[in-house]
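A.B. asks: fold the following, please.
(one chain, ligands or ions: 1)
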Amino acid sequence: MRILSIRLIIALILGVTFVSLVSSWSDVQDEKNALRRDLQYKAETLGESLASSAEIYLSNGDTARLEQQVQRFSHRDHLLGIGIYGTDGSTIVMTRELGSLLSRTPDALSEALAQDRPETRFTRLHFTRVYLLAAPLHSASKDVIGGIVVVYDTGYIRSQIFGVWGRVFMRIAGQVLVIVAITLLILRWTLVGPIARAAQWMKTLRTGKQGVQPPSKDLDFLLPLAKEMAPLAESMQRAREAAETEARLRNTNESQWTAQRLAEHVRSKLEGSNLFVVSNREPYIHNWQGNTITVTVPASGLVTAIEPILCACNGTWVAQGSGSADAETVDSHDRIQVPPDDPKYTLRRVWLSAAEEEGYYYGFANEGLWPLCHMAHTRPTFRASDWDFYNKVNERFADALVEEMAGEENPVVLIQDYHFALLPRMIKDRVPHARVAIFWHIPWPNPEAFSICPWQRELLDGLLGADLIGFHVQAHCNNFLNTVDRVLEARVDWEHFSVKRNDHLSLVLPFPISVELTEDVSDAPSLHSAEEERSAIISELGIEATFLGVGVDRVDYTKGIVERFQAVESFLERHPRYQGKFTFIQIGAPTRSNIPRYAEFQREVEFEANRINDRFKRGKWRPIVFLNRQHSHQEVRRYYRAAHVCMVTSLHDGMNLVAKEYIAARSDERGSLILSRFTGAARELHDAIIVNPYDIQATGQAIARVLEMDVSEIVDRMQRMRRTVKEHNIYWWAGSLIGELCGLRLKR
Ligand code: F6P
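C.D. replies: Residues are numbered from 1 along each chain as shown. Now for the predicted structure:
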């Protein structure tokens with residue numbers, strides 16, 4: 001910064017001085033010319049005044065009077081002397097000073113006499129700068145009878161010009177001083193200050209203290225740097241937290257899974273092999289917002305779990321490009337390095353036409369397989385055209401994956417979900433040495449239910465191309481094995497939970513997915529208490545309430561949202577003292593709205609909320625608040641922390657991560673969970689209040705039970721549930737899945 005300041009000061013001094021000198025130069029010249037003109041005028045006036053009397057005395061030959069007259073005129077300012085000459089250039093009369101300067105007749109006089117007209121010039125006489133005027137003198141008959149010479153000292157003009165330059169330099173010095181001072185001040189306010197504060201911030205982060213991020217106006221000024229600094233600071237913070245957690249766990253001999261531990265585990269398991277993940281949803285979506293491109297991370301537990309694995313091994317994630325600016329952000333191979341702030345792995349985007357998305361995603365996956373696998377009494381729709389698109393899109397993903405895996409010796413492939421049942425077989429056929437797993441995130445129904453699918457054999461055959469097939473719970477594994485047993489010619493090994501078909505072995509195991517649970521050590525001071533959060537939310541919503549319940553779902557008919565509202569109604573009916581006090585907030589993210597059943601369900605939910613509100617509402621209180629939009633993780637977390645109870649009443653659910661997210665958010669060890677027995681989560685969270693969501697009155701009673709539960713029991717239950725989620729967190733899930741897959745002995 002010192003060198004920059006010195007350079008700036010020198011540049012300013014030279015620049016300002018140069019500009020001022022150039023602009024002052026003509027002023028000084030004007031001043032000089034004015035002084036000269038003034039002198040010329042004086043000389044001419046003197047010459048003329050003297051000439052008229054001199055001509056008379058010279059014509060009369062009256063030298064004495066001539067001398068007298070010359071002496072009389074000789075005391076003017078700056079006048080050096082006067083001389084009267086004859087026509088031959090001989091001196092007739094001359095003042096003394098001039099005599100000592102002029103050794104001979106001046107050339108100007110000779111020229112004036114010869115040409116009969118005045119001659120003037122600025123010249124030097126013995127080192128003295130002078131102005132000389134020579135003019136002819138005439139007789140009454142206009143004959144030239146002699147000449148007059150008037151000589152002025154011009155030294156005073158020079159002195160005055162020096163004086164002017166002196167003032168110019170003083171002015172320039174003043175200007176330079178003011179400009180340099182202002183520039184240095186601006187430099188200090190806008191550059192040195194912000195840089196110093198940013199450096200201080202980086203220092204606090206480096207030394208592990210709680211750093212205060214500089215105000216955004218500081219970072220605005222350093223925009224290109226700030227773009228790098230903020231993610232860098234975040235990465236440092238994350239790395240520090242991870243290291244602290246690791247150290248804490250090592251000290252307490254706990255074996256909790258962390259992103260760091262997962263990364264190390266995966267690196268050691270892969271032994272240099274490359275990992276390829278396939279999912280329908282991509283981890284980063286680029287969208288146009290006006291003229292700028294924004295990037296969002298979909299609110300999905302999958303990204304939290306899979307990202308550390310890919311970051312650790314620099315893998316590749318193949319997914320559908322669904323953002324409006326996705327195509328503009330990839331390279332010529334449809335690849336982009338992510339995370340955008342700190343690229344660590346490759347995202348390969350696959351483009352689907354509207355017809356492909358309609359048939360494969362909305363049609364076969366979500367109108368066929370989704371209701372087929374969820375026992376929620378929505379009839380699956382199977383269309384041959386959707387099935388064709390499902391095949392075609394699975395092929396499209398297989399092509400992309402095979403392209404990405406070209407030349408790989410031992411690729412490891414992790415396929416996600418029911419969108420890709422055919423992909424494992426397609427991959428295995430084309431790359432037999434690939435290690436392939438598929439994780440089915442939704443339930444698997446019993447064989448009778450599954451048998452209504454016209455393409456059940458093809459789906460099972462596709463899945464059995466995988467070396468490992470994962471479900472959330474053992475019951476789904478059993479249903480799958482039973483289905484295979486009934487439908488295909490294959491050997492099901494119930495002891496090892498595997499299927500052997502055409503000499504290929506597929507292991508079928510449960511891996512209950514989870515969330516991340518930290519103890520909020522780092523951000524605890526910034527968290528509001530449940531009470532504070534509650535009053536803030538109540539005032540934001542413009543309602544009155546004492547007790548809050550919360551539900552967070554996509555507006556999906558499997559989630560039991562209508563039954564939940566009816567349970568709230570039943571609770572208020574049977575416990576009228578809670579009328580005016582208990583409000584249930586339903587956060588409902590719109591989903592798959594192109595599908596008629598989803599649009600219809602959205603209307604059912606709205607209708608039920610309005611009906612119940614109309615029945616009970618009074619003043620500012622209402623029993624149900626339906627917030628029908630996508631909420632970020634941070635927003636949802638506030639509701640989790642504020643609610644006395646979270647209701648998860650799915651009619652059928654593979655796992656349900658909302659139940660676990662609620663527990664993870666309750667670092668205050670308060671709050672109760674009402675959980676449907678038809679969720680995978682109910683198999684792990686025994687301290688939730690387990691309900692049958694179809695039993696509306698019993699679910700309503702569960703609300704009364706948790707609101708009247710002893711605090712000690714609430715805390716006990718929450719502590720135990722937190723322990724379960726902490727031990728079996730999202731990193732444990734990913735680590736177990738990869739560990740199992742990499743540990744398999746493949747037949748080559
Ligand atoms: O529960 C299955 C699942 O695929 C989740 O992985 C995902 O979060 C959810 O359904 C919603 O999926 P999408 O919005 O991509 O249809």
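
A.B. asks: relative to Phe511, how far out is the residue in the stretch 351-500 of the chain that the ligand sits nearest to?
C.D. replies: Distance from the ligand to each residue of the stretch 351-500 of the chain (C-beta to the nearest ligand atom) is smallest for His441, at 4.0 Å. For every residue, glycine as well, the C-beta is placed using N, CA and C. To Phe511, His441 is 10 Å away according to C-beta to C-beta, to the nearest Å.

A.B. asks: shared neighbours of the two, anything?
C.D. replies: Taking C-beta atoms under 8 Å, 6 or more residues apart in numbering as the contact rule, His441 and Phe511 both touch His472.

A.B. asks: now do the SS call for the residue of the stretch 351-500 of the chain closest to the ligand.
C.D. replies: coil (DSSP: H, G, I helix; E, B strand; the rest coil).

A.B. asks: OK, contacts around the nearest residue to it once chain neighbours are set aside?
C.D. replies: Spatially, and ignoring its direct neighbours in sequence, His441 is nearest to Asp417 (4.8 Å; C-beta to C-beta, 6 or more residues apart in numbering). Neighbouring residues of Asp417 by C-beta under 8 Å, 6+ apart: Ser279, Asn280, Phe439, Trp440, His441, Ile442.

A.B. asks: and what of Val150?
C.D. replies: Applying C-beta under 8 Å, 6+ apart to Val150 gives the contacts Ala43, Leu46, Gly47, Leu50, Leu79, Ile82, Leu132, Leu133.

A.B. asks: what pairs with it across the strands?
C.D. replies: Ile82, Leu133 (DSSP bridges).

A.B. asks: measure it to the ligand for me?
C.D. replies: For Val150, the distance to the ligand equals 107 Å [C-beta to the nearest ligand atom, to the nearest Å].

A.B. asks: that residue and Thr63: what is the separation?
C.D. replies: Look at Val150 and Thr63: by C-beta to C-beta, they are 19 Å apart.

A.B. asks: try Ser324
C.D. replies: Distance, Ser324 to Thr63, using C-beta to C-beta: 111 Å.

A.B. asks: now for Arg281, how many residues are close by?
C.D. replies: 15 (other C-beta atoms under 10 Å).

A.B. asks: how about Phe584?
C.D. replies: Neighbours of Phe584 using other C-beta under 10 Å come to 28.

A.B. asks: that one in helix, strand or coil?
C.D. replies: Under three-state DSSP, Phe584 comes out as strand.

A.B. asks: and after the lengthiest helix in the chain, which helix or strand comes next?
C.D. replies: Assignment by DSSP state H gives helix 2-60 as the longest helix of the chain. Per DSSP states H and E, the first helix or strand lying C-terminal to helix 2-60 is helix 63-73.

A.B. asks: residues in contact with that next one?
C.D. replies: Residues contacting helix 63-73 (C-beta under 8 Å, 6+ apart): 46, 49-50, 53-54, 57-58, 79, 82, 84, 92-95.

A.B. asks: again, but for stretch 486-495
C.D. replies: For stretch 486-495, the surrounding residues in contact (C-beta under 8 Å, 6+ apart) are 447, 450-451, 456-457, 460-461, 464, 481, 484-485, 498-501.

A.B. asks: among these, which ones are buried?
C.D. replies: Buried by 16 or more other C-beta atoms under 10 Å: Pro447, Phe450, Gln456, Leu460, Asp461, Leu464, Leu481, Val484, Ser498, Val499, Arg501, out of the contacts of stretch 486-495.

A.B. asks: return the member of those nearest to Leu310.
C.D. replies: Checking these against Leu310 by C-beta to C-beta gives Leu464 as the nearest, at 26.1 Å.

A.B. asks: I'd assumed Lys428 was in contact with that closest one.
C.D. replies: No: the criterion here is C-beta atoms under 8 Å, and Leu464 misses it with Lys428 at 9.3 Å.

A.B. asks: now the common contact residues for the two.
C.D. replies: With C-beta under 8 Å, 6+ apart, Leu464 and Lys428 have common neighbours His504.

A.B. asks: in ChimeraX, how would I select the buried members of the contacts of helix 63-73?
C.D. replies: A single ChimeraX command suffices to select whichever of the contacts of helix 63-73 are buried according to 16+ other C-beta under 10 Å:
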select :46,50,53,54,57,58,79,82,84,92,93,94,95
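
A.B. asks: the contacts of helix 63-73 into CSV, with extra columns for pLDDT and distance to Ala354?
C.D. replies: Shown next, in CSV, are the contacts of helix 63-73 (pLDDT from 0 to 100; distance: C-beta to C-beta, whole Å):
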residue, pLDDT, distance to Ala354
Leu46, 89, 103
Ser49, 88, 107
Leu50, 89, 109
Ser53, 89, 114
Ala54, 90, 113
Tyr57, 91, 119
Leu58, 88, 117
Leu79, 92, 104
Ile82, 93, 109
Ile84, 94, 114
Ile92, 92, 117
Val93, 92, 116
Met94, 91, 113
Thr95, 91, 111
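
A.B. asks: which of the contacts of helix 63-73 sits closest to Asn274?
C.D. replies: Proximity of the contacts of helix 63-73 to Asn274 (C-beta to C-beta) peaks at Leu79, which lies at 103.3 Å.

A.B. asks: mind telling me what element Arg722 is part of?
C.D. replies: Assigned by DSSP H and E, Arg722 belongs to helix 711-727.

A.B. asks: check which residues of the next helix or strand after that helix are buried.
C.D. replies: Toward the C-terminus, helix 711-727 is succeeded by helix 730-743 as the next helix or strand (DSSP H and E). If you call a residue buried by 16+ other C-beta under 10 Å, then helix 730-743 has these buried ones: Ile730, Tyr731, Trp732, Trp733, Ala734, Gly735, Ser736, Leu737, Ile738, Glu740, Leu741, Cys742.

A.B. asks: and helix 730-743, what other elements does it pack with?
C.D. replies: For helix 730-743, the packing partners by 3 or more C-beta pairs under 8 Å, 6 or more residues apart in numbering; DSSP states H and E come out as helix 259-270, helix 301-313, strand 412-416, strand 435-439, strand 468-471.

A.B. asks: contacts only, for Phe382.
C.D. replies: Counting by C-beta under 8 Å, 6+ apart, Phe382 has contacts Phe364, Gly368, Cys453, Pro454, Trp455.

A.B. asks: could you dump those to JSON lines with secondary structure?
C.D. replies: Output for the contacts of Phe382, formatted as JSON lines (three-state DSSP):
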{"residue": "Phe364", "secondary structure": "helix"}
{"residue": "Gly368", "secondary structure": "helix"}
{"residue": "Cys453", "secondary structure": "coil"}
{"residue": "Pro454", "secondary structure": "coil"}
{"residue": "Trp455", "secondary structure": "coil"}
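
A.B. asks: just the buried residues from those residues, in PyMOL please.
C.D. replies: Buried residues within the contacts of Phe382, by 16+ other C-beta under 10 Å, are selected in PyMOL with:
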select buried, resi 364+368+453+455
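
A.B. asks: re the thing from before, ok, the contacts of Asp417 vs Phe18, which is closest?
C.D. replies: Nearest member of the contacts of Asp417 to Phe18, counting by C-beta to C-beta, is Ser279, at 65.7 Å.

A.B. asks: next up, phi/psi of that closest one, please.
C.D. replies: Backbone torsions of Ser279, given as degrees, to the nearest 10, read phi -150, psi 160.
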